[in-house]
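A.B. asks: The following block contains a protein sequence and its predicted model.
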Amino acid sequence: MPSVYFQTFGCQMNVADSDALQRALAARGYAPVPAPEDADLIVVNTCSVREHAELRARARIAEFAAVKTRRPEMRIWVIGCMAERFGEKLKETIPGIDAVIGAPELVDAEAVVQRYIDKEKHAAAVNPVHPARGVSEFVPVMRGCDNYCAYCVVPFVRGRETSIPADDVVRAVSERVKDGVCEVTLLGQNVNSYNDNGNDFSDLLRRVAAIEGLLRIRFTTSHPKDLSEKLVHTIAGIPAVCRHIHLPVQSGSDRILSLMNRRYTVAHYRTLIEMIRKLLPDADITTDLLVGFPSEGEEDFASTLELVEQVRFTAAFMFAYSVRQGTAAAKLDDDVPRGTKTGRLNRLITLQTSITRSIYESMVGRTLAMMAYGPVEKRGAKFLKGQDRGCKRILIPCIDMKAGTILQVRAVRSSGMTIIAERI
Ligand code: SF4
């Protein structure tokens, strides 16, 4: 039986693409193995969003290539964003790669397998394997992005924005639910611009929510320029839709937002936060923040800190700007010194961490609906891990409970970014 090992870097869309490819390979008899040394095929799904991510992927591919020198029959596929960005050139810089498959090609995993496996006739006798499904899975509803934020390579590596027809999304989710999935996260770079023949993301949410057996629906990402009151009303009206909105703001300075080509102002962003807090008072709002964008001064950064303090995000992904060749920002002078970027990032992380901690602490004593994801061991003790209806992670002392069950729990304490709870 042929075997495959996946290494996935980057965002949830990459995780979804790897899952789809893994399923298509499983239908050809490829069984997942936990150690790359034992695999006949190694698939590295790459991320280009930051230079650091690319360096990590290159190092990992080189490690796999070293294993291949001892096992020359092993094959290495490099897929995803770096594959699209560098193409066949990757084979020159890292010898040992057999196939380079760009992100847009991954939209059809079945076609990828037909092209790279069936054609090579490596899977002569097909014994399909059935990889275990978790209870929570990602389902893409859109591909690509048309927004061209000045710092971002996604539109270049993932192509134009397209919406996956609602019928296909409903079919994909229904199939997963039949396999035991209880929660899905609908993925798109900007779900607020979803459009299937005039049906928007609110319409899609209503259709997905009607699927019997599906207990929870999450989605990401919302773009502040497009998030509508209609969508927030729709979320409020559907109990299965989780109370979590990820709304990347990036900066608290209008001047920097304009240079970033984000196409909203800080005032507009604040209006959205007010609207969400009014219609969904218990919602977790999370964000992305980028510091050290070209020309960012202390005043711009102070505005970001002020916004973060006022909004009180439950959590944030925080990064220092790094140049991505080919983007509009690459033409600007990367003039914020590295030390200044690091210093600002550390100040921002310190502030956000204290806010996250205090939000988690404020949950103590409250009753939460936790979806159980499965057992986990922490410092020798066994727990059941899960998540509330927002985005907060919860641990309860381990009990024998099927993953996917929703339990009522009471928060007894918080440990940083996890709530420790007990079952009611
Ligand atoms: S919305 Fe902007 S940051 Fe997000 S993927 Fe598109 S271009 Fe990149």
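C.D. replies: Structure received.

A.B. asks: so what's the closest residue to Ala236 other than its chain neighbours up against?
C.D. replies: Excluding the flanking residues, the one nearest Ala236 by C-beta to C-beta, 6 or more residues apart in numbering is Leu279, at 5.1 Å. Backbone N, C-alpha and C define where each C-beta goes, glycine included. Residues near Leu279 by C-beta atoms under 8 Å, 6 or more residues apart in numbering: Glu229, Val232, His233, Ile235, Ala236.

A.B. asks: hmm, try it at 10 Å
C.D. replies: Counting by C-beta atoms under 10 Å, 6 or more residues apart in numbering, Leu279 touches Glu229, Val232, His233, Ile235, Ala236, Gly237.

A.B. asks: Please indicate which of those residues are buried?
C.D. replies: Among these, those that count as buried by neighbour count (16 or more other C-beta atoms under 10 Å) are Val232, Ile235, Ala236.

A.B. asks: Please produce JSON lines containing those residues, extended by secondary structure and distance to the ligand.
C.D. replies: Converted to JSON lines, the buried ones among the contacts of Leu279 look like this (DSSP: H, G, I helix; E, B strand; the rest coil; distance: C-beta to the nearest ligand atom, whole Å):
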{"residue": "Val232", "secondary structure": "helix", "distance to the ligand": "19"}
{"residue": "Ile235", "secondary structure": "helix", "distance to the ligand": "20"}
{"residue": "Ala236", "secondary structure": "helix", "distance to the ligand": "25"}
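
A.B. asks: The residue of the stretch 201-350 of the chain found nearest the ligand and Asn190: what is the separation?
C.D. replies: Residue of the stretch 201-350 of the chain nearest the ligand, by C-beta to the nearest ligand atom: His223 (5.5 Å). In this structure, His223 and Asn190 are 4 Å apart, going by C-beta to C-beta, to the nearest Å.

A.B. asks: what do you get for Pro128?
C.D. replies: 36 Å.

A.B. asks: Also Ala65?
C.D. replies: From Ala65 to Asn190 the distance is 36 Å (C-beta to C-beta).

A.B. asks: that older thread, for the contacts of Leu279, which one is nearest Phe313?
C.D. replies: Phe313 has its nearest neighbour among the contacts of Leu279 in Val232, at 16.6 Å by C-beta to C-beta.

A.B. asks: Enumerate every residue touching that closest one.
C.D. replies: So Val232 contacts Ser202, Ser222, Ile245, Leu272, Met275, Ile276, Lys278, Leu279, Leu280, Ala283 (C-beta under 10 Å, 6+ apart).

A.B. asks: Would you mind identifying the next helix or strand past the helix or strand hosting the fifth one?
C.D. replies: Using DSSP states H and E, the secondary-structure element containing Met275 is helix 266-279. Scanning the chain past helix 266-279 towards its C-terminal end, the next helix or strand to appear is strand 284-291 (assignment: DSSP H and E).

A.B. asks: Give the other helices and strands that that next one contacts.
C.D. replies: strand 244-246, helix 266-279, helix 298-311, strand 315-320, helix 338-361 (3 or more C-beta pairs under 10 Å, 6 or more residues apart in numbering; DSSP states H and E).

A.B. asks: winner for burial among those?
C.D. replies: Counting by mean count of other C-beta atoms under 10 Å, strand 244-246 has the highest mean neighbour count of those, with a mean of 23.

A.B. asks: Around the ligand, pick out the residues from the stretch 51-200 of the chain.
C.D. replies: Residues of the stretch 51-200 of the chain lying close to the ligand by C-beta under 6 Å from any ligand atom are Cys145, Asn147, Tyr148, Cys149, Cys152, Val154, Pro155, Gln189, Asn190.

A.B. asks: got TSV for the residues you listed, with neighbour count and secondary structure too?
C.D. replies: Formatted as TSV, those follow (neighbours: other C-beta atoms under 10 Å; DSSP: H, G, I helix; E, B strand; the rest coil):
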residue	neighbour count	secondary structure
Cys145	22	coil
Asn147	17	coil
Tyr148	13	coil
Cys149	22	coil
Cys152	22	coil
Val154	21	helix
Pro155	18	helix
Gln189	22	coil
Asn190	21	coil
